[in-house]
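S.K.: missing the sequence, but the structure's below:
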Ligand code: HEM
Ligand code: SF4
Ligand code: FES
């Protein structure tokens, strides 16, 4: 029996798990965006800090933090696993590059995913590691004070640029991802698939655009 | 017309192979792609060289035997056509044309442009049938089938098993082929009886043969000569999940989740 026959999960089950984890992340991003937009409120960070404190103390949310880490882990593990298997399935490659029409950006999901992952790692170091005390906060900012931490970061043009690039690629990822996830879980119908594709693109634009507005606002309006 | 051809030549399954450049001259714009290759082969034979081996049979787009990855697209530049239905007028005079075999680990090259597609036969053998004993022909309409279902089943059944979906897929995935085969039976009452086991067996066989995973690029749908839609993949995924979750257990058979 060759190694491809000894699999514990079928290709479809694996992709469905990955799509469901991805859709969970899609919902999480909306919540996260909602809170981050409060950074731009002109109240000295009261609304933002209120929301952040709620997220940090509410027991249901604390539980979801574990689910969230799990969601990312599962999504990334399957994403990388699927990509490796896909490369292996064509051991000898074509000499002429493919001219086939494909769904936009669908060929670059691993690339956009890895860029998002790099941003995610930086983000964890900048906020989560400081919060749990693994990394020392910058001078004058308290460990749990995400508001002033954000102000420090966004006043740095270099950091803002990294942030913008990270979310640009997240937008690319999401544009294909949301509609693909529906297809993977078997939801494709001439009644609503056109709608799902529009939704997928709008979601990508709103989420990526929403996050990207924040550093731009700090650069140009503060 | 004149063309520069870059054709994949490979003596046998173990040969490494490579592209060889040929000149095709005096080609009529009305000759088919295969007639052009036939012409080239006549010249090669006259020179005592080995002619280019390629698959073909019906030459009218119904059997699924022909293949060829032409300038980066299976079955060449036209939509909804097989290579045997492609004519040289679809190319520019003087154009350089790359001709390669389907590339997929599960479709090993036998010689030149011919690949072994028996992996597809194995998937069909795993469940792409209905088990009925032959006997008298039943009357038409003994089993009523709703018109939309009949239409969708017929669209799926148009698949000729050529493998262009696998060839075009960046992941060499066979999901469009298997989706079409699962769908055309799952949509009809005669196929429902074995639907739950069929989808599990066919997917398990597909996985075991080393095809890639679908990543929803939809290159398959764009390149399928029979324009099989990716809705069939979604239908297979639904059938598969429902079977995993709800199917009654059968004693002797075990499937991977
Ligand atoms: C907030 C972050 C992310 C969200 C919301 C997200 C969401 C999604 C969704 C919904 C899909 C579609 C699944 C399908 O094809 O059915 C997907 C695909 C994919 N994701 Fe992500 N993702 C995120 C981050 C990442 C990261 C960090 C990686 C890192 C490796 C990654 C790798 C992939 C890959 C490789 C695919 C394509 C899988 C395939 O269909 O072959 N994603 N993503
Ligand atoms: S689905 Fe289309 S491309 Fe794939 S084998 Fe069938 S006819 Fe050929
Ligand atoms: S030779 Fe029969 S489909 Fe092309």
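M.R.: Cool, the structure landed. Because the structure is predicted, anything quoted here is derived from the model rather than measured. Numbers count the residues shown, from 1 in each chain, chains lettered A, B, ... in the order given. Ligands and ions are numbered 1, 2, ... in the order given.
S.K.: Run the chain-centre distance for the worst-scoring helix or strand of chain A on mean pLDDT.
M.R.: Scoring the helices and strands of chain A by mean pLDDT, DSSP states H and E places helix A:130-132 at the bottom, with a mean of 86. How far helix A:130-132 lies from its chain's middle: 21 Å, per Cα atoms, centre = their mean, to the nearest Å.
S.K.: Number of residues surrounding residue B:155?
M.R.: Residue B:155 is flanked by 19 other residues according to other Cβ atoms under 10 Å in any protein chain shown. Heads up, the C-betas are built off the backbone N, CA and C, glycines and all.
S.K.: And the residue of chain A found nearest ligand 3, how far from residue A:38?
M.R.: Residue nearest to ligand 3 within chain A: residue A:100 (18.8 Å; Cβ to the nearest ligand atom). For residue A:100, the distance to residue A:38 equals 45 Å [Cβ to Cβ, to the nearest Å].
S.K.: count of neighbours near the closest residue to residue B:225 other than its chain neighbours?
M.R.: Distances taken as Cβ to Cβ, 6 or more residues apart in numbering or on different chains put residue B:82 closest to residue B:225, at 4.4 Å, once the chain neighbours are dropped. Around residue B:82 there are 28 other residues, counting by other Cβ under 10 Å.
S.K.: what's near enough to touch residue B:82?
M.R.: Residues in contact with residue B:82 (Cβ atoms under 8 Å, 6 or more residues apart in numbering or on different chains) are B:61, B:64, B:66, B:75, B:160, B:162, B:225.
S.K.: quick one: which of residue A:100 and residue A:38 has more around it?
M.R.: Ranked by neighbour count (other Cβ under 10 Å), residue A:100 and residue A:38 place residue A:100 first, with 22 against 18.
S.K.: returning to that earlier point: which helices and strands does the least confident helix or strand of chain A pack with?
M.R.: If you count contacts as 3 or more Cβ pairs under 8 Å, 6 or more residues apart in numbering or on different chains; DSSP states H and E, helix A:130-132 packs onto no helix or strand.
S.K.: low pLDDT regions in chain A?
M.R.: A:1-7 (pLDDT under 70).
S.K.: got it, and the stretch 101-250 of chain B?
M.R.: Along the stretch 101-250 of chain B, the parts satisfying pLDDT under 70 run over B:250.
S.K.: residue ranges of the strands in it, please?
M.R.: Applying DSSP state E, counting those that start in this stretch to the stretch 101-250 of chain B gives strands spanning B:109-111, B:114-115.
S.K.: Give me the contacts around the last one.
M.R.: Residues outside strand B:114-115 that contact it (Cβ under 8 Å, 6+ apart) are B:53-55, B:67, B:101-102, B:104, B:107-109, B:163.
S.K.: Which residues does stretch A:178-191 contact?
M.R.: A:15-16, A:18-20, A:22-23, A:26, A:103, A:106, A:193, A:196-197, A:199-200, A:203-204, B:214-216, B:230-231, B:233-235, B:237-238, B:241.
S.K.: how does it look with 7 Å?
M.R.: Stretch A:178-191 is touched from outside by A:15-16, A:19, A:22-23, A:26, A:196-197, A:199-200, A:203, B:216, B:230-231, B:234, B:237-238, B:241, with contacts defined as Cβ atoms under 7 Å, 6 or more residues apart in numbering or on different chains.
S.K.: Stretch B:206-213 too?
M.R.: By Cβ under 7 Å, 6+ apart, stretch B:206-213 touches A:4-5, A:7, A:10-11, A:15, A:82, A:85-86, A:89, B:104-106, B:119, B:122-123, B:166, B:169, B:171-174, B:178.
S.K.: and what of stretch A:43-58?
M.R.: A:35, A:38-39, A:41, A:61, A:146-147.
S.K.: In the residues you listed, which residue is surrounded by the most others?
M.R.: Among the contacts of stretch A:43-58, residue A:146 has the most neighbours (other Cβ under 10 Å), with 25 neighbours.
S.K.: was I right about it contacting residue A:127?
M.R.: Yes: here residue A:146 lies in contact with residue A:127, judged by Cβ atoms under 7 Å, at a distance of 6.4 Å.
S.K.: Spit out the residues that contact those two alike.
M.R.: Common neighbours of residue A:146 and residue A:127, counting by Cβ under 7 Å, 6+ apart, are absent.
S.K.: The contacts of residue B:82 in helices, which ones?
M.R.: With helices taken from DSSP state H, there is no overlap with the contacts of residue B:82.
S.K.: Closest one of the contacts of stretch A:43-58 to residue B:127?
M.R.: When the contacts of stretch A:43-58 are compared for distance to residue B:127 (Cβ to Cβ), residue A:61 wins out at 46.3 Å.
S.K.: so who does that closest one touch?
M.R.: Shown in contact with residue A:61 (Cβ under 7 Å, 6+ apart): residue A:55.
S.K.: Then residue B:87?
M.R.: By Cβ under 7 Å, 6+ apart, the contact list for residue B:87 reads B:30-32.
S.K.: check contacts around residue A:96.
M.R.: Residues in contact with residue A:96 (Cβ under 7 Å, 6+ apart) are B:71-72, B:98, B:100.
S.K.: now swap in residue A:75 and tell me
M.R.: By Cβ under 7 Å, 6+ apart, the contact list for residue A:75 reads A:18, A:21-22, A:25.
S.K.: Buried ones only from these, please, as a ChimeraX command.
M.R.: Here is the ChimeraX command that selects the buried residues among these (16 or more other Cβ atoms under 10 Å in any protein chain shown):
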select /A:18,21,22,25
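S.K.: Save the contacts of residue A:75 as CSV, and put in distance to chain B and secondary structure too.
M.R.: Output for the contacts of residue A:75, formatted as CSV (distance: Cβ to the nearest Cβ, whole Å; DSSP: H, G, I helix; E, B strand; the rest coil):
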residue, distance to chain B, secondary structure
A:18, 9, helix
A:21, 15, helix
A:22, 12, helix
A:25, 17, helix
